[in-house]
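Trainee: build me a structure from this.
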Amino acid sequence: MNNSFIEKIIRSFIDSKLTPLIIIAAILLGMLAVVFLPREEEPQIVVPMIDVFVQMPGATAQEVEQRVTYPMEKFLWEIPGVEYIYSTSMPGMSMAIVRFYVGEDEEKSIAKFYNKLYAHLDLIPPGVSMPIIKPRYIDDVPIVLLTLWSDQYDCFTLRRIACQLEEELKQINDVSLTEVIGGQRRELRIVLDTSRLRAYRISLLQVTNIIRSANHELIVGTFSTGNQEFIVEAGGFINTADELGNIVVGVHNGRPVYLRDIAQVSDGPKEPDSYLFLGVGPQAKVKGINAEPGKIYRAVTISVAKRKGKNATKIAEAVLHKVEALKGTLIPKEVNITITRNYGETAKEKSDELLKHLFLATVSVTILIGFFLGT
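Mentor: Next up, the predicted model:
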């Protein structure tokens with residue numbers, strides 16, 4: 001009886017005119033899923049992580065550990081769902097990384113963290129700043145790393161070029177976080193002459209406050225004329241060493257005292273916080289890297305991350321296309337660019353390999369089913 005019932009179902013499916021339409025619809029749905037499925041290198045797992053930064057200026061690492069890190073760890077462990085807490089104490093600062101269990105809801109975990117932390121603000125010791133909280137996500141991992149290197153440009157110039165390139169890459173759709181790593185930042189440096197400060201009877205605190213107040217912009221009001229309304233702004237940001245040197249910091253014998261009168265003002269590269277260099281091996285030519293093996297080159301790296309759920313392959317291709325279009329204009333020909341990470345390419349290779357095996361498996365199963373049905 002069971003065999004006859006199954007035979008009727010099979011016969012009705014084979015004889016039905018809807019069967020070809022169902023098969024075609026299933027194939028089309030599968031093809032659409034393959035086309036629109038985001039290709040990503042990093043798995044989309046949910047692991048809520050939060051960074052906490054607390055400053056304690058002037059304190060040693062031991063003082064920070066005893067007065068900030070340990071008490072903070074104790075009440076952070078009380079948050080439900082916390083799996084690990086990694087903390088680091090250093091002179092003047094404490095940093096903690098709070099990691100929740102895999103699968104914990106991100107929004108609820110962040111809300112629980114905020115509620116717990118701000119419920120214990122009364123425990124902050126004197127001299128300790130308010131905590132800085134930064135949630136982290138799996139999509140913050142860069143999918144593309146571009147390394148700019150040259151033997152003709154210094155680290156300061158390389159970083160300036162990299163920052164301009166970064167602004168162009170930010171305009172690409174679905175690009176989220178970008179960062180320039182390495183090089184030297186621009187800095188307006190002030191070296192005060194203590195003897196001149198005493199001669200003009202100007203204190204260091206007075207100079208600091210005047211410079212701080214001069215380096216900001218305020219909206220002081222509006223006025224209307226005709227059908228238009230204009231915003232009136234006062235002040236402005238300091239952009240050059242000349243503007244900085246022309247700030248009036250005091251008055252002596254009825255004459256204004258400029259900052260350039262009591263200090264040496266310069267515009268140039270800042271002392272580097274980190275160093276980044278590029279070196280290659282004997283197989284560099286095979287990879288298309290036009291560098292001399294064994295030689296060390298000054299370098300700067302740009303990291304590019306994508307938005308959550310977006311196709312890493314398409315975004316990486318758009319980034320590389322943008323870089324190629326800017327070569328010779330924004331990027332000088334003396335500056336070389338090496339792709340040191342491309343998760344879009346590796347994600348495409350893995351997905352293509354998976355589709356290949358799925359196709360072979362489907363064909364094999366179809367042949368086997370056809371063989372057994374035929375017999």
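Trainee: mind checking how far the closest residue in space to Val304 that isn't next to it in sequence is from Leu165?
Mentor: With Cβ to Cβ, 6 or more residues apart in numbering as the criterion, Val304 has its nearest non-adjacent residue at 4.4 Å, and that residue is Val144. (Glycine included, C-beta is placed from N, CA and C.) From Val144 across to Leu165, the span is 12 Å (Cβ to Cβ, to the nearest Å).
Trainee: kindly report the same for Lys17.
Mentor: According to Cβ to Cβ, Lys17 and Leu165 sit 59 Å apart.
Trainee: higher neighbour count, these two?
Mentor: Neighbours were counted for Lys17 and for Leu165 using other Cβ atoms under 10 Å; Leu165 has more, 23 against 6.
Trainee: quick check: pLDDT value at that one.
Mentor: The model reports Leu165 with a pLDDT of 94.
Trainee: residue ranges for the strands of the stretch 201-350 of the chain, please.
Mentor: Under the criterion DSSP state E, counting those that start in this stretch, the stretch 201-350 of the chain contains strands at 216-225, 228-236, 248-252, 255-258, 263-269, 277-279, 296-306, 336-342.
Trainee: which parts of the stretch 151-300 of the chain are helices?
Mentor: Counting by DSSP state H, counting those that start in this stretch, the stretch 151-300 of the chain has helices at residues 155-169, 194-200, 204-214, 241-245, 259-262.
Trainee: circling back: verify the stated contact: the residue nearest to Val304 with Ile337.
Mentor: No: counting by Cβ atoms under 8 Å, Val144 does not reach Ile337; the two are 11.2 Å apart.
Trainee: once you drop chain neighbours, what's closest to the most centrally placed residue in the chain?
Mentor: Central residue of the chain (Cα atoms, centre = their mean): Leu177, 3.5 Å from the mean position. Nearest in space to Leu177, with sequence neighbours left out and distances taken as Cβ to Cβ, 6+ apart, is Ala305 at 4.2 Å.
Trainee: and for Ala291?
Mentor: That would be Val280: by Cβ to Cβ, 6+ apart, it lies 4.6 Å from Ala291.
Trainee: okay, the one you found and Leu204: tell me how far apart.
Mentor: 49 Å.
Trainee: secondary structure element for Val365?
Mentor: helix 343-374 (DSSP states H and E).
Trainee: now for that helix, which elements pack on it?
Mentor: Helices and strands touching helix 343-374, by 3 or more Cβ pairs under 8 Å, 6 or more residues apart in numbering; DSSP states H and E, are helix 312-326.
Trainee: for the helix it packs on, the distance to its chain's centre please.
Mentor: Offset of helix 312-326 from its chain centre (Cα atoms, centre = their mean, to the nearest Å): 17 Å.
Trainee: what residues does that helix touch?
Mentor: Helix 312-326 is contacted from outside by 38-41, 143-144, 146, 165, 168-169, 172-175, 304, 306, 331, 337, 339, 342-345, 347-348, 351, using Cβ atoms under 8 Å, 6 or more residues apart in numbering.
Trainee: buried among the residues you listed? Make that a ChimeraX selection.
Mentor: Of the contacts of helix 312-326, the buried ones can be selected in ChimeraX as follows, counting by 16 or more other Cβ atoms under 10 Å:
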select :38,39,40,41,143,144,146,165,169,175,304,306,331,337,339,342,343,344,345,347,348,351
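Trainee: just to revisit the earlier point, can you pull the contacts of the residue nearest to Ala291?
Mentor: Residues in contact with Val280 (Cβ under 8 Å, 6+ apart) are Ile289, Ala291, Glu292, Pro293, Lys295.
Trainee: looking at the residues you listed, spot the one nearest Asn253.
Mentor: For the contacts of Val280, the residue nearest Asn253 by Cβ to Cβ is Lys295; the value is 59.2 Å.
Trainee: go ahead and confirm the closest one touches Gly279.
Mentor: Yes: using Cβ under 8 Å, Lys295 is in contact with Gly279, at 7.1 Å.
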